[in-house]
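# Sequence and predicted structure below; questions after.
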Amino acid sequence: MALLLLNASVSIDPDGVMSVFQFEDIFVNMKKIAAMLLGCSAMMASASHAASTVTFADPAPDKGIGYEWNIRMSHGGKAPTTAEFVRHVGAKSSYEPTFTPPEIGWHHQSDWVALELVENSLVTIEVRNQRGVHYTEVAQDGKKTESTAGQGYFPGFSVYKGWDDTSTEKHSFNSIGNFWSTIQYITAAYDQKGVHGGETKRLATTRLMLPAGKYSINIGGVNALYCLPEQPCFSGRHGYSAKFTAEPIPAGNL
């Protein structure tokens, strides 16, 4: 926001009285300043419509899918808005080879995101390997242990339309298709470079045109595709960073 400064000189006659003409000039300038400030406030209010909120919370606790993240995004029809967050998931939470297909995803080892789009949006989702993610493990007896998540993460995620707050969460789910009637499968993405991509380049990403509404995104790991059972990256918790971007869709494209 640019700040415009107005200079004004005021003269007072020997009797200490300001002329009416001078007073009117100052009054007019004050009205101009007030009008400009009002305009700036309107622009700021308009810009504030493009915003995202990220909350580590379930929108409907104890009902249906146990969501870890609750995200609301609004670009206001103007500029892109982003939501970024960091956590950790199980190495094989998107693909556990010992599970019976098609339910190859692992509910309790993955993170669920409840995403709400206020407007029709062009959405980009990026999930990467993240070093140095610290967390606290709580045992059944209440004992707490400080841990650092692994850095051998191969990211994967699934996108579904709708939120679930009525079903009973099971041990496994279908990470590449439908499994409950309350949410409808849209797509999935996973790191396709594997060990050839290098630790800092491990990325799962997609770009979607989505109508305004609610969506469920499951963030998991596909380490079993690239790691041997004897390697540290095959199991355990691994750190991730996620970035969601929502921007206006060009007219006529949705």
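Done, it's in.
# residue nearest the centroid of the protein?
A83 (3.3 Å; C-alpha atoms, centre = their mean).
# tell me the domain boundaries of the chain?
For the chain, automatic domain parsing gives the domain ranges 19-48, 50-247.
# among the ones you listed, which is the most enclosed?
Mean neighbours per residue, mean count of other C-beta atoms under 10 Å, is largest over the domains of the chain for domain 50-247, with a mean of 18. No exception for glycine: its C-beta is placed from N, CA and C like everyone else's.
# follow-up on the earlier one: quick check: the residue nearest to the centre of the chain touching T55?
No: using C-beta atoms under 8 Å, A83 makes no contact with T55, being 10.1 Å away.
# what is in contact with these two at once?
Contact criterion C-beta atoms under 8 Å, 6 or more residues apart in numbering; residues shared by A83 and T55: I71.
# sorry, back to before: could you pull up the residues touching the residue nearest to the centre of the chain?
Contacts for A83 (C-beta under 8 Å, 6+ apart) come out as 52-54, 71, 73, 243-244.
# for V159, same thing?
125, 185-188, 206, 208, 215-217.
# Could you rerun that using 6 Å?
Contacts for V159 (C-beta atoms under 6 Å, 6 or more residues apart in numbering) come out as 186-187, 217.
# Nearest spatial neighbour of it, chain-adjacent residues omitted?
Leaving aside its chain neighbours, V159 sits nearest to I186 (4.4 Å; criterion: C-beta to C-beta, 6 or more residues apart in numbering).
# quick one: that neighbour and R207, what's the gap?
Using C-beta to C-beta, to the nearest Å, I186 is found at 12 Å from R207.
# likewise Y95?
Going from Y95 to R207 by C-beta to C-beta gives 22 Å.
# got it, and G64?
From G64 over to R207 the distance is 28 Å, taken as C-beta to C-beta.
# How about D62?
Distance of D62 to R207, computed by C-beta to C-beta: 34 Å.
# Same check on R128?
16 Å.
# Next: K92.
Separation of K92 from R207 (C-beta to C-beta): 26 Å.
# before we move on, what about I183?
21 Å.
# got it, and H88?
25 Å.
# Going along the chain, name the helices of the stretch 101-250 of the chain.
With helices called from DSSP state H, counting those that start in this stretch, the stretch 101-250 of the chain shows none.
# Output stretch 72-88 in CSV with nothing but the alpha carbons.
This file holds the C-alpha atoms of stretch 72-88, laid out as CSV (Å, rounded to 0.1, in the frame of the first residue of the first chain):
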residue,chain,number,x,y,z
ARG,A,72,-10.3,-23.5,4.5
MET,A,73,-9.1,-21.7,1.4
SER,A,74,-10.5,-18.6,-0.4
HIS,A,75,-8.7,-16.8,-3.2
GLY,A,76,-11.5,-14.2,-3.4
GLY,A,77,-11.5,-14.4,-7.2
LYS,A,78,-8.2,-12.4,-7.2
ALA,A,79,-4.9,-13.9,-6.2
PRO,A,80,-3.6,-17.4,-5.3
THR,A,81,-3.7,-18.4,-1.6
THR,A,82,-1.6,-21.1,0.0
ALA,A,83,-1.8,-23.4,3.0
GLU,A,84,1.4,-25.1,4.3
PHE,A,85,1.9,-27.6,7.1
VAL,A,86,4.4,-30.2,8.4
ARG,A,87,4.0,-33.5,10.2
HIS,A,88,4.9,-37.2,9.9
